[in-house]
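1. Sequence plus the predicted model coming up.
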Amino acid sequence: MTHHHTRISVGDEHGVITVWFACAAMVMVLLVGMTVDLGGKVHTQQRAHATAAQAARTAAEQLQAPRAIRGQTPHIDTSRARLAAQAYLRTAGITGTVTITGGDTVVVRVTDTYHARFLGIIGLGSMPVTGEASARLIRSEGGHER
């Protein structure tokens, strides 16, 4: 009777374990990277929306139309409101558009870019984000809306 002994080489096991740890480490780095970068993108998105909202509010606050002449409908100075919103966006360093809809509502749309810290290794180096907000341009005299 001959006995055949199967020999397991310790070096082979060590190689398999090393490959497994390397793969696990890469997966962990990608998961952490996704968490950090997606969180960063959400934060940038929130900033874009907040900037659009503040630009729209600024447009409404900066609106100072002259008193209405008796017998005439009050006129809302939309160009002044638009310029105020555009100035706010320039100061904030964010690109955006300002439009007036319905004659009394300023709509601000902004675009920004989130630059990924980790996901660039899989081709997601930068991600565009957008934000939009609107505000109604109200003319008030003596504390009453006109």
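-> Yep, that arrived. Everything numeric here is computed off the predicted structure, so don't read it as measured data.

2. just checking, what packs against the strand or helix carrying T91?
-> Secondary structure from DSSP states H and E places T91 in helix 78-92. Applying 3 or more CB pairs under 8 Å, 6 or more residues apart in numbering; DSSP states H and E, one finds that helix 78-92 contacts helix 10-62, strand 95-101, strand 105-115. Bear in mind the C-beta positions are built from the backbone N, C-alpha and C, glycine included.

3. who's in contact with I94?
-> Neighbour list for I94: 48, 51, 110-112 [criterion: CB atoms under 8 Å, 6 or more residues apart in numbering].

4. repeat that for 10 Å
-> By CB atoms under 10 Å, 6 or more residues apart in numbering, the contact list for I94 reads 47-48, 51-52, 55, 88, 108, 110-112, 131.

5. Pick out the residue nearest the middle of the protein.
-> Centroid check for the chain by CA atoms, centre = their mean gives Q45 as the closest residue, at 1.8 Å.

6. quick one: that residue and T113 touch, right?
-> No - using CB atoms under 10 Å, Q45 makes no contact with T113, being 11.1 Å away.

7. No further queries at this time; thank you.
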